[in-house]
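> give the three-dimensional model of this entry:
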Amino acid sequence: MARYTGPKTKIARKFNEPIYGPDKNYEKKNYPPGQHGNSKRRKKVSEYGIQLMEKQKAKYTYGMLERQFRNLFEKASRKGGITGEVLLQLLEARLDNVVFRMGIAPTRAAARQLVTHRHITVNGEVLNIPSYTVRPGETIGVREKSKSLEVITNSLASRTNRFSWLEWDESLMTGKFLAFPMRDEIPENINQQLIVELYSK
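Just a heads-up that it's a prediction; the model follows:
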């Protein structure tokens, strides 16, 4: 399976929440897609089904494929601490996600594209690997030649979210990853314990 590029509203409806952000189409049809989507007589979901759905939601939210996600889970389980929380911290520390959280890009998909097209620097060096794990203290910036890009200037102009684990300098168009966020600082509605239970079977 390649990366999902289909209708995002369909995926949001599948998980019964707007995982890609505000969506007018989702608000019109906030029930699962398909012929029986609006039926009250939907089949009871098993424990495994609930766990699988939570993992799929995390994968779609952060724009990852199964092998990448599994490898990140294994990395999290080898680290000290609560595996589920460490997993979310590693997801948040991905370069494409940090670019999105800083407001350089309007969506994670756009952030991923900016990284792969070599518009983003880490510690002053151009880096085009979206899955790169940003470490505390590292500086993320917009490449000098890319500072006038419309997608970047528009995104920064409408930037509203501020996160305690990130620092942003408007004049230099650079930010710093201060620390891995705590679970209660991560706004995503993901039950990480269900993912741990699924992979622990």
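> C-alpha from now on. contacts and neighbour counts both.
Will do.
> any low-confidence regions in the chain?
Residue ranges of the chain with pLDDT under 70: 1-4, 10, 12, 14-16, 18-42.
> how much distance is there from the longest helix along the chain to the middle of the chain?
With DSSP state H setting the assignment, residue counts place helix 47-62 as the longest helix in the chain. With C-alpha atoms, centre = their mean, to the nearest Å as the basis, helix 47-62 stands 14 Å off its chain's centre.
> what's the spacing between the residue most central in space within the chain and residue 184?
For the chain, the residue nearest the mean C-alpha position is residue 62 (3.0 Å; C-alpha atoms, centre = their mean). Relative to residue 184, residue 62 is positioned 18 Å away (C-alpha to C-alpha, to the nearest Å).
> picking up where we left off before, quick one, the helix or strand just after the longest helix of the chain and helix 47-62 angle?
Proceeding N to C from helix 47-62, the next assigned helix or strand is helix 66-78, under DSSP states H and E. On the basis of axes from the mean of the first three to the mean of the last three C-alpha atoms, to 10 degrees, helix 66-78 is oriented at 100 degrees to helix 47-62.
> about what we covered before: the residue nearest to the centre of the chain contacts residue 107, correct?
No: using C-alpha atoms under 8 Å, residue 62 makes no contact with residue 107, being 10.1 Å away.
> strands of this protein, start to end?
Secondary structure of the chain (DSSP state E): strands at 120-122, 125-126, 139-142, 166-169, 174-177.
> right, and those - which one's nearest residue 86?
strand 174-177 (16.2 Å; C-alpha to C-alpha).
> list the contacts of the closest one.
Here strand 174-177 makes contact (C-alpha atoms under 8 Å, 6 or more residues apart in numbering) with 98, 102, 134-142, 165-169.
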